[in-house]
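[1] Below are the sequence and a predicted model; questions follow.
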Amino acid sequence: MNANPEHRDLLRQATSILCKELLKPPGHNTTGLGAIELEEIELRLRALARLERMWGKSGGANANGVSNTIGSAITGFGGLGAGGASSVGEDRERRLFSEALRDGYVLCQ
């Protein structure tokens, strides 16, 4: 599949927004959701939160947690070039994002 840095950037931005808004520490959550709902959301977004932390460590995200399109295009996933490894990383990001949101539960909360 052809890697499109713009699509990857949008996916990373969406992931960052979801993590920022829905994975707030206890006591700081203003969503009005109960403990059960928050726990289910945390479970579904856990893999995306791990990815977001990796992007920050690899320089793929700026201070606001939003990825840098140019940096993503140049470094790919995990600092690799535009070769096959970058494509594998992008496919993994897309798959994890889809799995987290596939049934709409997270978005409906």
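    Structure's in. What do you need?
[2] When you work out contacts or count neighbours from here on, use the C-alpha atoms and nothing else.
    Will do.
[3] Low-confidence ranges, the protein, go.
    1-3, 26-27, 29-30, 58-85 (pLDDT under 70).
[4] Which elements pack onto the longest helix belonging to the chain?
    Ordering each helix of the chain by length in residues (DSSP state H) puts helix 35-58 first. Here helix 35-58 touches helix 5-22, helix 84-101, helix 105-108, going by 3 or more Cα pairs under 8 Å, 6 or more residues apart in numbering; DSSP states H and E.
[5] could I have it exported to CSV, CA atoms only?
    What follows is helix 35-58, C-alpha atoms only, in CSV (Å, rounded to 0.1, in the frame of the first residue of the first chain):
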residue,chain,number,x,y,z
ALA,A,35,-16.1,4.7,36.1
ILE,A,36,-17.3,1.7,34.0
GLU,A,37,-17.4,3.8,30.8
LEU,A,38,-14.0,5.4,31.5
GLU,A,39,-12.5,2.0,32.1
GLU,A,40,-13.9,0.6,28.9
ILE,A,41,-12.6,3.6,26.9
GLU,A,42,-9.2,3.2,28.5
LEU,A,43,-9.1,-0.4,27.6
ARG,A,44,-9.9,0.3,24.0
LEU,A,45,-7.5,3.2,23.6
ARG,A,46,-4.6,1.6,25.5
ALA,A,47,-2.8,0.6,22.3
LEU,A,48,-3.3,4.0,20.7
ALA,A,49,-1.9,5.7,23.9
ARG,A,50,1.2,3.5,23.6
LEU,A,51,1.7,4.5,20.0
GLU,A,52,1.4,8.1,20.9
ARG,A,53,4.1,7.8,23.6
MET,A,54,6.3,6.1,21.0
TRP,A,55,5.8,9.0,18.5
GLY,A,56,6.9,11.5,21.2
LYS,A,57,10.0,9.5,21.9
SER,A,58,10.9,9.1,18.2
